[in-house]
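> mind folding the following:
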Amino acid sequence: FYSCSEQAWDSGGAAMAASASQWHSYLGVIVSREKQRLEHFQEAENILLTLLEGIHAREPHFLIDYARNLEAFEFTLCASEDAVTMEVPLWINGDALQVLACWPGDTPAGHRPELGTCCLEVPSPGTDLEDWTSAVGVMERGGGAGCLVPGKVLQHLKDLLVSAIVRCQRRFLLQPGDLSAENLQEDAMELSLLICSGWKTVRFDIVPVVRRWQKPLWLKGQQNNRGFPEGSLRKATEEAYFVPASPHCWRSSTHLPILKLLQAVDTLKGPRLDSLRLLDQLRSRDWGEEGGKGGLTFNHLKMVLLWRTELFPSPEDWQDLEGSIYRLLVILLCCLATWHLPHFLHPEENLFQGEPRDLASLYCKVESFAQDPRRFLHFHFGLPVRTDSWQADPSTRALLQVPAEDWSYWDTAYFDILLSQFQVYRIQDGTCCSAMSQLLSKIWREIPQQT
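Purely as a prediction, here's the structure:
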């Protein structure tokens, strides 16, 4: 015979085991598809590389980067059919270029430069880039030979791409239906191709990029690589990438640095990227908005994972899948409640700003999952899980909105409090409990109306 306490323990242990099994079963289906997704990506990539080789043969300034492991890595992680950004490096001494903030005089009349954009000034003539430069605005600065114009670079790359497609078709290197270039007619800052691989179509957004070395970013709270492999932040940010922001200005891109950080996180123990895989599957199937626009993106979830890596640096925080996912969820819910998702490499930038999306609706969908995940942890066909009748918990919502008043709360102790709010596990560490207690007292004292 078992005592009452033993029976209760056995019952609780059985429930936990059943819950863990459900999480892992859902994840298992996701992971089982990745090998096939990678094969489709590689087949489509081979077609694209053939086109890029033709472009490079006619214009050596457009280089071919055969080391596309980061793009393949991202494609297999992402559940939806998002476009794959394929950057084409320019063969140019990026370190010799002068990076200058865009002035109104750098763009045609009536076009104000966007915030954070820049011009790349070529220091002297004789660089074989005369056809890609412009002297607009340079004389006012008293600068060099001209500025590299992204619109001209894009047009030249587009012309060569169309020519490469025609040549490959004439040589029967491309079969009918292998690719669609209809999107090349659009006025965009990337060249989009749809390439068929078996029954799957992969969209590649081809973007010219100028690379140059830079001093690695020194980020507040991240100086000691907290939560990341030693030196990974420095390696990820030691090179700057500039891509077209408009026909006249460039912008700094963090696409590859973020992927490098994700790859570094993958070298650590625990279900780190598994938690990202699972949440992205939910995002794709159950958290989307009507029409497929205005919802969460895979890029948003990547940022949440990086913040989670820094805010929960202890290996014990990554021991089980459910706990790892809930640590992502509390950060995501806080961002949705405050309408503020800071960029990991540039925290002053809010990734939820400037794009129309119903964050209130998204918040209800994510919180309903956090409160009752079993409703979502199964694959279904047709409509997503309904959350219309879900009533958000006011006390939880108020606690999640605390950083909107003071972003100093954006720290581990605050998110530990949120974890305890969802009662997914009980924190045993005395130091963490003490920090939580002090912070909670401060919240009650300074912002009583929110708690």
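
> tally of neighbours for residue 28?
Using other CB atoms under 10 Å, residue 28 has 9 other residues around it. (Glycine included, C-beta is placed from N, CA and C.)

> that one and residue 281, how far apart?
Separation of residue 28 from residue 281 (CB to CB, to the nearest Å) stands at 12 Å.

> likewise residue 175?
The gap separating residue 175 from residue 281 is 33 Å, by CB to CB.

> between the two, tell me which one has more neighbours.
Each of residue 175 and residue 281 has its neighbours counted (other CB under 10 Å); residue 281 has more, 22 against 11.

> which SS class is the residue nearest to that one when sequence neighbours are not counted?
Excluding the flanking residues, the one nearest residue 281 by CB to CB, 6 or more residues apart in numbering is residue 79, at 4.5 Å. Under DSSP: H, G, I helix; E, B strand; the rest coil, the three-state class of residue 79 is coil.

> contacting residues around residue 79?
Residue 79 makes contacts with 30, 277, 280, 281, 283, 284, 285, 298, as judged by CB atoms under 8 Å, 6 or more residues apart in numbering.

> same thing with residue 226?
So residue 226 contacts 310, 313 (CB under 8 Å, 6+ apart).

> that one - that's part of a strand, no?
No. Counting by three-state DSSP, residue 226 falls outside a strand, being coil.

> gap between it and residue 233?
According to CB to CB, residue 226 and residue 233 sit 9 Å apart.

> mind listing the helices for the stretch 151-300 of the chain?
Counting by DSSP state H, counting those that start in this stretch, the stretch 151-300 of the chain has these helices, from start to end: 232-237, 255-265, 272-285, 298-311.

> adding mean pLDDT and distance to residue 318, write these out as JSON lines.
Below are the helices of the stretch 151-300 of the chain laid out as JSON lines (pLDDT from 0 to 100; distance: least, CB to CB, whole Å):
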{"stretch": "helix 232-237", "mean pLDDT": "91", "distance to residue 318": "16"}
{"stretch": "helix 255-265", "mean pLDDT": "95", "distance to residue 318": "10"}
{"stretch": "helix 272-285", "mean pLDDT": "91", "distance to residue 318": "6"}
{"stretch": "helix 298-311", "mean pLDDT": "94", "distance to residue 318": "9"}
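
> of all the ones you listed, which one is nearest residue 53?
Residue 53 lies closest, by CB to CB, to one member of the helices of the stretch 151-300 of the chain: helix 255-265, at 21.5 Å.

> which outside residues touch the closest one?
70-71, 73-74, 77, 85, 87, 228-229, 232-233, 235-237, 239, 241, 272-273, 299, 302-303, 305-306, 309, 344-345.

> which among these count as buried?
The neighbour-count criterion (16 or more other CB atoms under 10 Å) marks 70-71, 73-74, 77, 85, 87, 228, 232-233, 236-237, 241, 272-273, 299, 302-303, 305-306, 309, 344-345 among the contacts of helix 255-265 as buried.

> so what's residue 421 up against?
Shown in contact with residue 421 (CB under 8 Å, 6+ apart): 396, 399.

> low-confidence ranges in the stretch 1-150 of the chain?
Along the stretch 1-150 of the chain, the parts satisfying pLDDT under 70 run over 1-20, 104-115, 125-127, 136-145.

> at which residues are the strands of it located?
84-89, 98-101, 118-122, 133-134, 146-148 (DSSP state E, counting those that start in this stretch).

> helices or strands up against the fourth one?
Contact partners of strand 133-134 among helices and strands, from 3 or more CB pairs under 8 Å, 6 or more residues apart in numbering; DSSP states H and E: strand 146-148.

> ok so, going back, which of the contacts of residue 79 ranks first by neighbour count?
If you count neighbours using other CB under 10 Å, the busiest of the contacts of residue 79 is residue 280, which has 25 neighbours.

> what bridges to the residue nearest to residue 177 when sequence neighbours are not counted?
Spatially, and ignoring its direct neighbours in sequence, residue 177 is nearest to residue 196 (5.9 Å; CB to CB, 6+ apart). As for beta bridges, residue 196 partners with residue 201 under DSSP bridges.

> which residues touch residue 196?
Counting by CB under 8 Å, 6+ apart, residue 196 makes contact with 44, 177, 178, 179, 202.

> switch the cut-off to 7 Å
By CB atoms under 7 Å, 6 or more residues apart in numbering, the residues touching residue 196 are 177, 178, 179.

> which one of those residues has the most neighbours?
residue 179 (22 neighbours).

> which ones are touching that residue?
Counting by CB under 7 Å, 6+ apart, residue 179 makes contact with 47, 193, 194, 195, 196.

> ok, the last one to residue 32 distance?
Taking CB to CB as the measure, residue 196 and residue 32 are separated by 23 Å.

> can you check the third one too?
Relative to residue 32, residue 194 is positioned 26 Å away (CB to CB).

> looking at the two, which has the bigger crowd around it?
residue 194 (16 against 9).

> count of neighbours near the residue nearest to the more buried one when sequence neighbours are not counted?
Closest residue to residue 194 apart from its sequence neighbours, by CB to CB, 6+ apart: residue 180 at 4.2 Å. By other CB under 10 Å, the residues close to residue 180 number 14.

> can you check the pLDDT for residue 180?
If you check residue 180, the pLDDT there is 91.
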